[in-house]
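S.K.: Please find the sequence and the predicted model below.
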Amino acid sequence: MHNVVFVLGPPGSGKGTICAKIQENLNYVHLSAGDLLRAERQREGSEFGALIESHIRNGSIVPVEITCSLLENAMKASGDAKGFLVDGFPRNEDNLQGWNKQMNGKAFIQFVLFLSCPVPICIERCLNRGQGRTDDNEESLKKRVETYNQQTFPIIEHFKKSELAREVKSERPVDEVYADVVNVFNEANKQK
Ligand SMILES: Nc1ncnc2c1ncn2[C@@H]1O[C@H](COP(=O)(O)OP(=O)(O)OP(=O)(O)O)[C@@H](O)[C@H]1O
Ligand SMILES: O=c1ccn([C@@H]2O[C@H](COP(=O)(O)O)[C@@H](O)[C@H]2O)c(=O)[nH]1
Ligand SMILES: [Mg+2]
């Protein structure tokens, strides 16, 4: 059974940045659903490349069967670890249902890390990210934020109700955010 921490928050809230630091220091493996989709989009012979690119540009959500299989394959391919940081997934109700169906008995959700950050700050960060992403532009960002508000935030609310969510405010300097996140992980691993 894989231990899983879902990491959610608006685009640009710092999910990738914080997961990289957790992976470096706490023996969790970072799996960004967005990065896996971007890699699949680039893979020669992929039947999903064009579909994935269209969803990414439009800030809409790729069918869960594709994303969940990429995540499961990446978990299988990974070596031993304390757990997996599943960054940017599940993004809507359909994602969550698809995950529950496919990963039933294979993964244990330890908790859900919610990086909360005001949207204008998030947008500014994405526009200055400088990674050449096809969705880091005003038009795509407007749609990504809309999708986040309409589809992803309700999933975070769902996890809050089931007391799985741990919120950390991420509009602060990275080191401050990270220190609070480490406390969340230490607390969770103490309870096991
Ligand atoms: N706490 C912070 N303070 C200032 N800048 C930050 C902070 N955290 C991340 N950043 C910067 O903001 C940008 C977006 O961060 P990151 O890629 O980690 O966000 P993300 O939540 O993974 O975004 P996305 O959902 O679009 O993948 C990066 O350029 C990163 O260096
Ligand atoms: O579970 C997922 C994760 C991502 N997507 C699509 O990819 C982009 C970029 O995701 P980032 O987390 O910002 O890297 C996102 O806007 C979606 O279009 C997805 O469909 N499902
Ligand atoms: Mg990211």
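M.R.: Nice, thanks for sending it over. Ligands and ions are numbered 1, 2, ... in the order given.

S.K.: Let me know the helix or strand that Asn186 is in.
M.R.: Element membership of Asn186 [criterion: DSSP states H and E] is helix 174-190.

S.K.: Around ligand 1, pick out the residues from this protein.
M.R.: 9, 11-17, 34, 88, 125-126, 129, 170, 173-174, 177 (CB under 6 Å from any ligand atom). In this view, the C-beta of every residue, glycine as well, is placed from N, C-alpha and C.

S.K.: Write a PyMOL command that selects only the buried members of the residues you listed.
M.R.: Listed next is the PyMOL selection for buried residues among those, using 16 or more other CB atoms under 10 Å:
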select buried, resi 9+11+12+13+14+15+16+34+88+125+126+170+177
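
S.K.: The residues of the chain next to ligand 1 also near ligand 3: which ones?
M.R.: Restricting these to those near ligand 3 by CB under 5 Å from the ion leaves Lys15, Gly16.

S.K.: Among the residues of the chain next to ligand 1, name the ones in helices.
M.R.: Secondary structure from DSSP state H places Lys15, Gly16, Thr17, Gly34, Arg125, Cys126, Val174, Val177 of these in helices.

S.K.: any chance of those in a markdown table, plus pLDDT?
M.R.: Supplementary listing: those in a markdown table, determined by pLDDT from 0 to 100:
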| residue | pLDDT |
| --- | --- |
| Lys15 | 98 |
| Gly16 | 98 |
| Thr17 | 98 |
| Gly34 | 98 |
| Arg125 | 98 |
| Cys126 | 98 |
| Val174 | 98 |
| Val177 | 98 |
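
S.K.: thinking again about what came up before, what subset of the residues of the chain next to ligand 1 is also close to ligand 2?
M.R.: Under the cut-off given by CB under 6 Å from any ligand atom, ligand 2 has Pro11, Gly34, Gly88 from the residues of the chain next to ligand 1 close to it.

S.K.: and the last one, backbone torsions?
M.R.: When quoted as degrees, to the nearest 10, the phi and psi of Gly88 stand at phi 80, psi 20.

S.K.: That one: what's it in contact with?
M.R.: With contact taken as CB atoms under 8 Å, 6 or more residues apart in numbering, Gly88 is in contact with Val7, Leu8, Lys15, Ser32, Ala33, Gly34.

S.K.: Mind doing that once more with 7 Å?
M.R.: The contact partners of Gly88, by CB atoms under 7 Å, 6 or more residues apart in numbering, come to Lys15, Ser32, Ala33, Gly34.

S.K.: Determine which two of these are furthest apart.
M.R.: By the measure CB to CB, Lys15 and Ala33 form the most distant pair in the contacts of Gly88, at 10.0 Å.

S.K.: Next, show the common contact partners of these two.
M.R.: Listed as contacting both Lys15 and Ala33 by CB under 7 Å, 6+ apart are Asp87, Gly88.

S.K.: Neighbours of the closest residue to Glu167 other than its chain neighbours, how many?
M.R.: Leaving aside its sequence neighbours, Glu167 sits nearest to Phe114 (CB to CB, 6 or more residues apart in numbering; 4.6 Å). Phe114 has 23 neighbours, counted by other CB atoms under 10 Å.
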